[in-house]
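A.B. asks: model the following, please.
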Amino acid sequence: MSMAFSAAFNTCSRPSHILSCRIRKPNLSQTACFHRTLTVRASTTLDYSKLSVDDKASAPSKTNNWQWKFKGDSINIYYEEYEKERDGPCKNILMIPTISDVSTVEEWRSVASNIVQQVGNVNWRATIVDWPGLGYSDRPKMDYTADVMEKFLVDFINSPDGPLNGSENDLVVFGGGHAATLTIRAAKQGAVKPKAIAAIAPTWAGPLPIVFGRDSSMETRYGLLRGTLRAPALGWMMYNMLVSNEKSIESQYKSHVYSNPDNVTPGIIESRYALTKRKGARYAPAAFLTGLLDAVQSREEFLELFADMGNKKIPVLVVSTKGSPKRSKAEMEALREAKGVSKFVEVPGALLPQEEYPAIVAEELYQFLQENFESKD
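C.D. replies: So this is what the prediction gives:
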């Protein structure tokens, strides 16, 4: 679910022309594209009765909202739970969507449904949560940063009134893209203590910084673009032109989000387009595009995060994809044989293999769970 637009910054010698943004044909790469922000307000009234037979198989056992207290405000956070009532021990999986302008719990639904229905020595219960500012969670106008997103993740996992209360001794985390990197950073700091982590198509750099760098002049330009996207009138106009239109969404999905254009259905496009029309849709993506949601600043720091998981003896699975955009693929490949990565696999797909090829991804993830938990219980 990575939607994006390609932005070109032209460096001008005159200070009065600090930033120039030229629209090009959308080019979604995790490193050179803008993932679209879904604006769907947190709600417990999603109508699953209208789902197809196949979709109903992936319908959650429960949908709900959790109130995240942040800087004096209460933000509705949407989450879904999947479980199969069985006798025996139960362990918890938290599934976190890839951060993008169309980030949503929907990308994990089929995988969650698949895994909880597996029959083994351990019963698995899955929770999928939408980030603040994205998916079906509230999207307030606030300053979204990597630190803010990490704090949310830590609070959601550790809160005594949260859906994961009591799972601190058995929690496994699956994260896509930036979500995986933020989870590992929180684990490195000891703020969360998962028993295992799976990083699906992991990334660390926002679309513009990985292309244009992070020197002071570029940071100034990013700030101007971010401010423009957040502006009351001009921001919406730019967002609607670059991101929030069905043709753009379809183009991105067919070029970089999915590896096989035939897998991009009208239903997916309609769903993502609807999300981009919600109030507050552009604020978190503006931060993502310009690098504010990057957990690290370099590949070296990226590798150091994973290496520390080895020191903490936290098993880490990296799921790379065969059809990822070139720059994203390079960062995934850097993790092959990297310290702290206990298992590295490659599956079909691009930036959202968990949605495009859920059965294959679920199989790899469940095997990882069996290797690390089933044989021990």
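
A.B. asks: the stretch 251-377 of the chain: helices as residue ranges?
C.D. replies: 266-276, 283-289, 299-311, 326-333, 353-356, 358-372 (DSSP state H, counting those that start in this stretch).

A.B. asks: tell me the secondary structure for residue 110?
C.D. replies: What DSSP: H, G, I helix; E, B strand; the rest coil gives for residue 110 is helix.

A.B. asks: measure it to residue 325 for me?
C.D. replies: 23 Å (CB to CB, to the nearest Å). No exception for glycine: its C-beta is placed from N, CA and C like everyone else's.

A.B. asks: next: residue 369.
C.D. replies: From residue 369 to residue 325 the distance is 29 Å (CB to CB).

A.B. asks: export the helices of the stretch 251-377 of the chain as TSV, with columns for distance to residue 145.
C.D. replies: Converted to TSV, the helices of the stretch 251-377 of the chain look like this (distance: least, CB to CB, whole Å):
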stretch	distance to residue 145
helix 266-276	22
helix 283-289	7
helix 299-311	16
helix 326-333	21
helix 353-356	25
helix 358-372	29
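
A.B. asks: of all these, which gets the most neighbours per residue?
C.D. replies: Comparing the helices of the stretch 251-377 of the chain by mean neighbour count (mean count of other CB atoms under 10 Å), helix 283-289 comes out on top with a mean of 29.

A.B. asks: and that helix, what does it pack against?
C.D. replies: helix 216-230 (3 or more CB pairs under 8 Å, 6 or more residues apart in numbering; DSSP states H and E).

A.B. asks: ok, now with 10 Å
C.D. replies: Applying 3 or more CB pairs under 10 Å, 6 or more residues apart in numbering; DSSP states H and E, we find helix 283-289 packed against helix 146-158, helix 216-230, helix 234-242.

A.B. asks: CA atoms of the longest one as CSV?
C.D. replies: The one in question is helix 216-230. C-alpha atoms of helix 216-230 as CSV (Å, rounded to 0.1, in the frame of the first residue of the first chain):
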residue,chain,number,x,y,z
SER,A,216,21.2,21.7,5.6
SER,A,217,20.0,23.2,2.3
MET,A,218,17.9,20.1,1.5
GLU,A,219,16.4,20.0,5.0
THR,A,220,15.3,23.6,4.4
ARG,A,221,13.6,22.6,1.2
TYR,A,222,12.0,19.6,2.9
GLY,A,223,10.6,21.9,5.5
LEU,A,224,9.1,24.2,2.9
LEU,A,225,7.5,21.3,1.1
ARG,A,226,6.2,19.9,4.4
GLY,A,227,4.7,23.3,5.3
THR,A,228,3.0,23.6,1.9
LEU,A,229,1.4,20.2,2.2
ARG,A,230,0.1,21.1,5.7
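
A.B. asks: closest one to residue 85 among the helices of the stretch 251-377 of the chain?
C.D. replies: Proximity to residue 85 (CB to CB) singles out helix 358-372 among the helices of the stretch 251-377 of the chain, at 18.9 Å.

A.B. asks: so where's the stretch 151-300 of the chain uncertain?
C.D. replies: The model of the stretch 151-300 of the chain has pLDDT under 70 over residues 168.

A.B. asks: switch the cut-off to 80
C.D. replies: 166-169, 207, 210-211, 213, 242 (pLDDT under 80).

A.B. asks: any chance of the helices and strands packed on helix 283-289 in CSV, with mean neighbour count and distance to residue 178 too?
C.D. replies: Putting those into CSV (neighbours: other CB atoms under 10 Å; distance: least, CB to CB, whole Å) gives the following:
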stretch, mean neighbour count, distance to residue 178
helix 146-158, 20, 8
helix 216-230, 17, 16
helix 234-242, 17, 20
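
A.B. asks: residue 65 is nearest to which of those helices?
C.D. replies: Of the helices and strands packed on helix 283-289, the one closest to residue 65 (CB to CB) turns out to be helix 146-158, at 12.0 Å.

A.B. asks: for the helix or strand following the closest one, what is the distance to the chain centroid?
C.D. replies: Moving toward the C-terminus from helix 146-158, the next helix or strand (DSSP states H and E) is strand 171-176. Averaged C-alpha coordinates place strand 171-176 at 11 Å from its chain's average position (CA atoms, centre = their mean, to the nearest Å).

A.B. asks: now do stretch 175-183
C.D. replies: So, by CA atoms, centre = their mean, the centroid of stretch 175-183 is 6 Å from its chain's centroid.

A.B. asks: repeat for stretch 197-206
C.D. replies: Distance, centroid of stretch 197-206 to centroid of chain: 8 Å (CA atoms, centre = their mean).

A.B. asks: quick check: buried residues in stretch 163-179?
C.D. replies: 163-164, 167, 170-179 (16 or more other CB atoms under 10 Å).

A.B. asks: great, nothing more from me.
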